[in-house]
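[1] task: produce atomic coordinates for the following.
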Amino acid sequence: RPLSPPLSSSQKLVMPRKSSKEAAVPQNSLLAAIHPITKFGNDSYRLIQRCTKPSMKEFKKIALATTVGFLIMGFIGFFVKLIHIPINNIIVGS
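    Presented below is the predicted three-dimensional model:
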């Protein structure tokens, strides 16, 4: 059987590696059921440890953006309702 030519760099298949920290799923059914929960707990703990408290400037910026978003959504809802009432009265005819 002849050997196929070597793959070019664009044709090579890259298989994802599991990190050395990631343990294999246990074969025991009880441990296999608990494994996702403990993995989620460990990942959540790692995330909380990396989070930082926002500075006052950052907090004010986020609060302002949230307020503007609420106001825009409120005005959109108000104008939709404002247009809907007369159209509804014309259709129903009351």
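[2] so Thr66 is in which element?
    Using DSSP states H and E, Thr66 maps to helix 56-92.
[3] tell me how far that helix is from the chain's mean position?
    Here helix 56-92 is found 25 Å from its chain centre; the criterion is C-alpha atoms, centre = their mean, to the nearest Å.
[4] which strands and helices sit next to it?
    With contacts taken as 3 or more C-beta pairs under 8 Å, 6 or more residues apart in numbering; DSSP states H and E, helix 56-92 sits against no other helix or strand. Placement of C-beta: from N, CA and C, glycine included.
[5] average pLDDT across that helix?
    In this model, helix 56-92 has a mean pLDDT of 93.
[6] show me which positions of that helix end up buried.
    Of all the residues in helix 56-92, not one is buried under the rule 16 or more other C-beta atoms under 10 Å.
[7] count the neighbours of His35 for me.
    Other residues within reach of His35, judged by other C-beta atoms under 10 Å, total 15.
[8] secondary structure element for it?
    With DSSP H and E as the test, His35 turns up in helix 29-50.
[9] and that helix, what does it pack onto?
    Going by 3+ C-beta pairs under 8 Å, 6+ apart, helix 29-50 lies up against no helix or strand.
[10] and that helix, average pLDDT?
    pLDDT averaged over helix 29-50 gives 90.
[11] from the chain's centroid, how far away is that helix?
    18 Å.
[12] can you list the buried residues in that helix?
    Under the neighbour-count criterion of 16+ other C-beta under 10 Å, helix 29-50 has nothing buried.
[13] using PDB, list the CA coordinates for it.
    What follows is helix 29-50 as a C-alpha-only set of coordinates in PDB (Å, rounded to 0.1, in the frame of the first residue of the first chain):
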ATOM      1  CA  SER A  29     -22.500   5.600  38.800                       C
ATOM      2  CA  LEU A  30     -22.800   7.600  42.000                       C
ATOM      3  CA  LEU A  31     -19.600   9.400  41.400                       C
ATOM      4  CA  ALA A  32     -20.500  10.000  37.800                       C
ATOM      5  CA  ALA A  33     -23.700  11.600  38.900                       C
ATOM      6  CA  ILE A  34     -21.900  13.900  41.500                       C
ATOM      7  CA  HIS A  35     -19.000  14.800  39.200                       C
ATOM      8  CA  PRO A  36     -20.800  17.500  37.200                       C
ATOM      9  CA  ILE A  37     -22.000  19.200  40.400                       C
ATOM     10  CA  THR A  38     -18.600  19.300  41.900                       C
ATOM     11  CA  LYS A  39     -17.100  20.500  38.600                       C
ATOM     12  CA  PHE A  40     -19.700  23.300  38.500                       C
ATOM     13  CA  GLY A  41     -18.900  24.200  42.100                       C
ATOM     14  CA  ASN A  42     -15.100  24.300  41.500                       C
ATOM     15  CA  ASP A  43     -15.600  26.400  38.300                       C
ATOM     16  CA  SER A  44     -18.000  28.800  40.100                       C
ATOM     17  CA  TYR A  45     -15.500  29.200  43.000                       C
ATOM     18  CA  ARG A  46     -12.700  29.900  40.500                       C
ATOM     19  CA  LEU A  47     -14.900  32.600  38.800                       C
ATOM     20  CA  ILE A  48     -15.700  34.300  42.100                       C
ATOM     21  CA  GLN A  49     -12.000  34.400  43.000                       C
ATOM     22  CA  ARG A  50     -11.200  36.200  39.700                       C
END
